[in-house]
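Visitor: Below are the sequence and a predicted model; questions follow.
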Amino acid sequence: MLNSDESILLIEDDRVDIMTVQRALSKNSFDNPLFIARTGLEALHMLRGEKGHEKIDPPPGLILLDLNLPKMSGIEFLRELRADPQLSEQRIIVLTSSNEPKDRDAAFQYEVDDYFVKPHSFGEFSRAMATILSL
Ligand SMILES: [Mg+2]
């Protein structure tokens, strides 16, 4: 369960999905600070405060991670994150269009907290987001 002052880092390259997450958060009356990274690499820079990115401090209470991302896949991001002693305990929930067992297995191998396949309708997406934030 996320406290209202804890931030969320959304790692998502798709504009429409970013807007859908924002709408679903506000529909559920969540006004937690939301940071957005368009690639896994950008997310790492934001978490570490490197390469000209301001550090997210305190660290986000939750990372929402898409798997199909440019440059560095979500799974590669997870490998990097878990190998970093400063970030290895970070709470992460996967939110992806991939229902592939190999993606699911790889994500859980890196100890994600949960794995959600993006629903198609906004109503379902909004309910999924309410579930995610109550976990
Ligand atoms: Mg994507």
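Guide: Received the coordinates, thanks.
Visitor: can you map out the strands along the chain?
Guide: Ranges of strands in the chain, per DSSP state E, are 8-11, 34-37, 62-65, 92-96, 114-117.
Visitor: residue contacts, residue 80?
Guide: Counting by C-beta atoms under 8 Å, 6 or more residues apart in numbering, residue 80 makes contact with 40, 44, 72. Where C-beta positions appear, they are placed from N, C-alpha and C, glycine not excepted.
Visitor: Might one say that residue 25 is in contact with residue 34?
Guide: Yes: with contacts counted by C-beta atoms under 8 Å, residue 25 reaches residue 34, the gap being 6.8 Å.
Visitor: Show me whatever sits in contact with both of these two.
Guide: The overlap between the contact sets of residue 25 and residue 34 (C-beta under 8 Å, 6+ apart) consists of residue 8.
Visitor: what pairs with the closest residue in space to residue 60 that isn't next to it in sequence across the strands?
Guide: Take residue 60 and drop its neighbours on the chain: the residue closest to it by C-beta to C-beta, 6 or more residues apart in numbering is residue 9, 4.1 Å away. With DSSP bridges as the criterion, residue 9 is bridged to residue 35, residue 63.
Visitor: Let me see the contact set for the most centrally placed residue in the chain.
Guide: Centrality entry for the chain: nearest residue to the mean C-alpha point is residue 64, 1.5 Å, by C-alpha atoms, centre = their mean. Contacts for residue 64 (C-beta under 8 Å, 6+ apart) come out as 8-12, 21, 92-93, 95, 132.
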